[in-house]
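Q: this is a predicted model, with the sequence first.
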Amino acid sequence: MLFILMKNNLKLMLRSHWIIMLMIVSPIVITAVLNNVFEQLMKSYESPENILVGYRMDENSLLADFMPNIKTTAAEHGISMVELSGSDVQELVKNNGCMVFVEMGNEDYVIYEIDDYENEGRIVEYFLTGLFDSIAVQNTTNSPKLDVIQLDVMPNVEAKDYYGIVYTVFVIWCCFVVLTGVISSERSNKIEQKYQVTLITDWKLYLGKAIPCVFVTLIVTGITTLASTCLFDIRWGSLPASILILFLSIAAATVYGLFCCCMFRTLAISISISFVSIWIAGFIGGAFETYMYSSIRTPIKEMSPLYHINRALVECSAIGSSTYVKSSILYLGGIIIVFTVLGLALSKWKRGPRL
């Protein structure tokens, strides 16, 4: 019975020719347009050979013991950090030719971005954010150390790679639209009520929609990535990690779409709520503003699954690895489990007892 359900639902999904075509073409067109617009701008973000950073440190700063490791690691990435003394930041910057100035407090730090060096300031901000996230402050007499030596340094990303990746991800998360034909048919023909008199389980009804949706989206994503890679020479970095993240994204987007359809009985409302929530996640996660230069605070960005996915895939593309691969996989796994359970529970509750 499950196979018959899947086959029937797959036929309904494949009838949505315009939706499927739009899902294939839209990432390619958007990548072409944005690559043409932002190609030179993204190149201007490349790190200079050396960034001179002046810093001033509080006498009792907990960061003092970390500075030798911090300065060594920074130097490996073209950032020279020089300790300065004095009260007037503007005078220190002017007299020493600093591109960026950092004030190290007791447990925090403040970065001063200087006119004409905004790009360098953002590079240092990105570097230090990743650096201090990796430091474990130990309240002990032993010498502190870095927990993670491999740091999150801003990669030099080409526009074609960035937008080709993030818009493939964004369209994947809109894959719930291929379910609209199935959901509309079920509700107009009262299919769910008819199944109540059969022995088919709620789990089979759920899988009968979820599996075909995942299958169709996999095919669409495969065509899109192959076409965009051939047209723009997009680099996907570590293929095993990228493929796994894309597959889990498709599964997570599918169960989230099914959950919204179960939550709201009106299909238009389900689509609207799904799209708005995904648009917000994309806005926070770098789909409309590159996450490297976003003004949104990191803790807020990390609430968006698309931030973890985009950053993992983009960094794998640019530098071959990313510390966000693990977090994106865990995040997506959690979404799949939580929304599958909630979707099944809602579906069963709204259908009521079997006849």
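A: Received the coordinates, thanks.
Q: please make it C-alpha for all contacts and neighbour counts, starting now.
A: Noted.
Q: poorly predicted segments of the protein, please.
A: For the chain, the stretches with pLDDT under 70 are 1, 40-49, 106-108, 113, 115-119, 122, 130-156, 186-200, 350-355.
Q: quick check, Leu52 in a strand?
A: Yes. Under DSSP: H, G, I helix; E, B strand; the rest coil, Leu52 sits within a strand.
Q: hey, what's it bridged with?
A: With DSSP bridges as the criterion, Leu52 is bridged to Ser80.
Q: can you get me a residue count around it?
A: 19 (other CA atoms under 10 Å).
Q: against Thr129, how distant is it?
A: Per CA to CA, to the nearest Å, Leu52 is found 17 Å from Thr129.
Q: using CSV, write out every CA atom in stretch 221-234.
A: Only the C-alpha atoms of stretch 221-234 are listed here, as CSV (Å, rounded to 0.1, in the frame of the first residue of the first chain):
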residue,chain,number,x,y,z
THR,A,221,18.8,19.7,-6.9
GLY,A,222,21.0,17.3,-8.9
ILE,A,223,20.0,19.0,-12.2
THR,A,224,20.5,22.5,-10.7
THR,A,225,23.9,21.8,-9.2
LEU,A,226,25.2,20.0,-12.3
ALA,A,227,24.0,22.8,-14.6
SER,A,228,25.3,25.6,-12.4
THR,A,229,28.7,23.8,-12.0
CYS,A,230,29.0,23.4,-15.7
LEU,A,231,28.0,27.0,-16.5
PHE,A,232,29.8,28.8,-13.7
ASP,A,233,32.5,26.3,-12.6
ILE,A,234,31.2,26.3,-9.0
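Q: got the domain boundaries for this protein?
A: 2-41+156-351, 51-133 (automatic domain parsing).
Q: settle this for me: Glu120 is touching Met99, isn't it.
A: Yes. Counting by CA atoms under 8 Å, Glu120 does reach Met99; the two are 6.9 Å apart.
Q: shared neighbours of those two, anything?
A: Common contact partners of Glu120 and Met99 (CA atoms under 8 Å, 6 or more residues apart in numbering): Ile51.
Q: Gly181: what's it in contact with?
A: Per CA under 8 Å, 6+ apart, neighbours of Gly181: Leu12, Met13, Ser16.
Q: name the stretch among the domains of the chain that sits most buried.
A: Mean neighbours per residue, mean count of other CA atoms under 10 Å, is largest over the domains of the chain for domain 2-41+156-351, with a mean of 18.
Q: how distant is that one from the center of its chain?
A: 12 Å (CA atoms, centre = their mean, to the nearest Å).
Q: need the contact list for Val89.
A: Contacts of Val89 (CA under 8 Å, 6+ apart): Phe101.
Q: against Glu83, how distant is Met67?
A: As judged by CA to CA, Met67 and Glu83 stand 10 Å apart.
Q: over to Gly257?
A: Distance from Gly257 to Glu83, by CA to CA: 53 Å.
Q: rewinding a little: so which of the contacts of Gly181 are in helices?
A: Using DSSP state H, Leu12, Met13 are the members of the contacts of Gly181 that sit in helices.
Q: need the contacts of Gly181 in JSON lines (columns: distance to Thr72).
A: JSON lines is the format used below for these (distance: CA to CA, whole Å):
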{"residue": "Leu12", "distance to Thr72": "60"}
{"residue": "Met13", "distance to Thr72": "56"}
{"residue": "Ser16", "distance to Thr72": "57"}
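Q: which one of the contacts of Gly181 is nearest to Ala252?
A: Checking the contacts of Gly181 against Ala252 by CA to CA gives Met13 as the nearest, at 18.2 Å.
Q: just give the nearest non-adjacent residue to the closest one, would you?
A: Spatially, and ignoring its direct neighbours in sequence, Met13 is nearest to Val178 (5.6 Å; CA to CA, 6 or more residues apart in numbering).
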